[in-house]
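Student: Following is a predicted model, sequence given first.
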Amino acid sequence: GAVVSQHPSRVICKSGTSVKIECRSLDFQATTMFWYRQFPKQSLMLMATSNEGSKATYEQGVEKDKFLINHASLTLSTLTVTSAHPEDSSFYICSARAPDRILNYGYTFGSGTRLTVV
Amino acid sequence: GEDVEQSLFLSVREGDSSVINCTYTDSSSTYLYWYKQEPGAGLQLLTYIFSNMDMKQDQRLTVLLNKKDKHLSLRIADTQTGDSAIYFCAELTGTASKLTFGTGTRLQVTL
């Protein structure tokens, strides 16, 4: 089945630095990827929709200059948290819309990245 | 946005059945999904149901959909300790085909 690889799984960075998270579709081409943020004991909140070759679509309240998304190829989307602060500490999960023989397409999730800003 | 509600916590004994409920608000949802999340991990798709179906069974999992009440449930038969996790329902809505997740139900399986 469709596999999405997300790296790193865990990162600790200093306040003020930037962190890049990668999301790769391993065995399929993903024209659309999604980035979610999950706070402890809470649900997933969609941050942005990443479309290959075009600008990402951000959800209301998400700062596009803070969370830079690049989807330069059909297998890779990156999320860069710029000038990170402790309040950016969270679990970030990517998802790719993958071909599915039953659903036409399904949503496959990466394993998540735990970001801690100190 | 649309709110998808779930109860926060469910505790069952090993071998019993678990029923996790979900109430959604968008009547135009086309697909409804159930995902499982183990600690520190991403989401694993368990099952899904198309909006024109009332019920779907897949081994130990049974999904019931009541469109009139916008109510979705997931029944896990013969619940095992390995089923302990957080379960999210999600609906696929809108022209952008975005997933909206429920608040999540933590299932605890006791011996």
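Tutor: It's in.
Student: Please, where are all the strands along chain B?
Tutor: Secondary structure of chain B by DSSP state E: the strands cover B:5-6, B:9-13, B:18-23, B:31-37, B:43-50, B:55-58, B:61-66, B:71-76, B:85-93, B:98-101, B:105-110.
Student: ah, wrong one, I meant chain A
Tutor: Using DSSP E, strands in chain A cover A:4-7, A:10-13, A:19-25, A:32-38, A:44-51, A:57-58, A:67-73, A:76-81, A:90-100, A:104-109, A:113-117.
Student: looking at the ones you listed, which is closest to B:Gln108?
Tutor: strand A:32-38 (19.6 Å; Cβ to Cβ). In this view, the C-beta of every residue, glycine as well, is placed from N, C-alpha and C.
Student: Can that closest one be said to contact chain B?
Tutor: Yes: Strand A:32-38 lies within reach of chain B by Cβ under 8 Å from any Cβ of the partner chain, at A:Phe34.
Student: Next, the buried residues of that strand.
Tutor: Within strand A:32-38, the residues that count as buried by 16 or more other Cβ atoms under 10 Å in any protein chain shown are A:32-38.
Student: Format those residues as a markdown table; extra columns: distance to B:Asp54 and pLDDT.
Tutor: Below are the buried residues of strand A:32-38 laid out as a markdown table (distance: Cβ to Cβ, whole Å; pLDDT from 0 to 100):
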| residue | distance to B:Asp54 | pLDDT |
| --- | --- | --- |
| A:Thr32 | 30 | 88 |
| A:Met33 | 33 | 92 |
| A:Phe34 | 29 | 94 |
| A:Trp35 | 34 | 96 |
| A:Tyr36 | 30 | 96 |
| A:Arg37 | 34 | 96 |
| A:Gln38 | 31 | 94 |
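Student: quick one on the thing from earlier: which of the strands of chain B has the lowest mean pLDDT?
Tutor: Of all the strands of chain B, the minimum mean pLDDT falls on strand B:98-101 (a mean of 87).
Student: and it, what other elements does it pack with?
Tutor: The elements that strand B:98-101 packs onto, with contact taken as 3 or more Cβ pairs under 8 Å, 6 or more residues apart in numbering or on different chains; DSSP states H and E, are strand A:44-51, strand B:85-93.
Student: Turn those into TSV, columns for mean neighbour count and distance to A:Phe28.
Tutor: Output for the helices and strands packed on strand B:98-101, formatted as TSV (neighbours: other Cβ atoms under 10 Å in any protein chain shown; distance: least, Cβ to Cβ, whole Å):
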stretch	mean neighbour count	distance to A:Phe28
strand A:44-51	22	15
strand B:85-93	23	19
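Student: can the ones you listed go into CSV with extra columns for distance to A:Ser9?
Tutor: Below are the helices and strands packed on strand B:98-101 laid out as CSV (distance: least, Cβ to Cβ, whole Å):
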stretch, distance to A:Ser9
strand A:44-51, 17
strand B:85-93, 18
